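Colleague: take a look and give me a structure for this.
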Amino acid sequence: MRPTTRFLAAVLTLVAAATLSLAGSAMASQSVGPNQHYLGLVNGKNAGAVIEVVCPGPAGLNRTGPPVGGQTVGVVRAASGGGFTGSLAHVIWAEFNQSQANAVGFATYRTPKPIPTTLQLPCGGTGTVTFTTCFGTLPCASNARDDVVLVTFLNIAV
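Modeller: Next up, the predicted model:
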């Protein structure tokens, strides 16, 4: 390849990378608003998600333990399906096992946040993370729809 051709190829590659980076940044900062479809993500997955927990000691029924650090929840905007923010929402909440305690809120899409290590989650089996705009005493639109992500709890201490 000639030097000028290599130079032009390198410039085009840099321009393409910068364009993708700017497009990604624009997507990352998109605000949650009314009448939007979304998908909830647990460790980057909307289906087949696993949350690792630490439950040392003998196995038993109804035991709980904290999630391993470094795990995340997040929301992405979707063209259709999943959850729907309804006519009032500006925040989507991730609730663990149908509890508002330690829920994580999102005002923007593509901004994952840590799963709180203060949670007490099942040491095994399955559960849910519900992504909802209906939270506490905040007004909830009648047309809002949750996105429920089924998760498997994996005890890494056995």
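
Colleague: the closest residue to residue 63 other than its chain neighbours - how many residues pack around it?
Modeller: If the residues on either side of it in the chain are set aside, residue 63 comes closest to residue 123, at 4.3 Å by C-beta to C-beta, 6 or more residues apart in numbering. Glycine gets a C-beta too; all of them are placed from N, C-alpha and C. Using other C-beta atoms under 10 Å, residue 123 is surrounded by 22 other residues.

Colleague: residue contacts, residue 123?
Modeller: 53, 55, 59, 63-65, 153, 155 (C-beta atoms under 8 Å, 6 or more residues apart in numbering).

Colleague: against residue 57, how distant is it?
Modeller: 9 Å (C-beta to C-beta, to the nearest Å).

Colleague: for residue 144, same thing?
Modeller: For residue 144, the distance to residue 57 equals 41 Å [C-beta to C-beta].

Colleague: neighbour count winner among these two?
Modeller: A direct count of neighbours by other C-beta under 10 Å for residue 144 and residue 57 places residue 144 higher, at 20 against 10.

Colleague: host element of the closest residue to that one other than its chain neighbours?
Modeller: Leaving out its chain neighbours, the residue that sits closest to residue 144 by C-beta to C-beta, 6+ apart is residue 86, at 3.0 Å. Counting by DSSP states H and E, no helix or strand carries residue 86.
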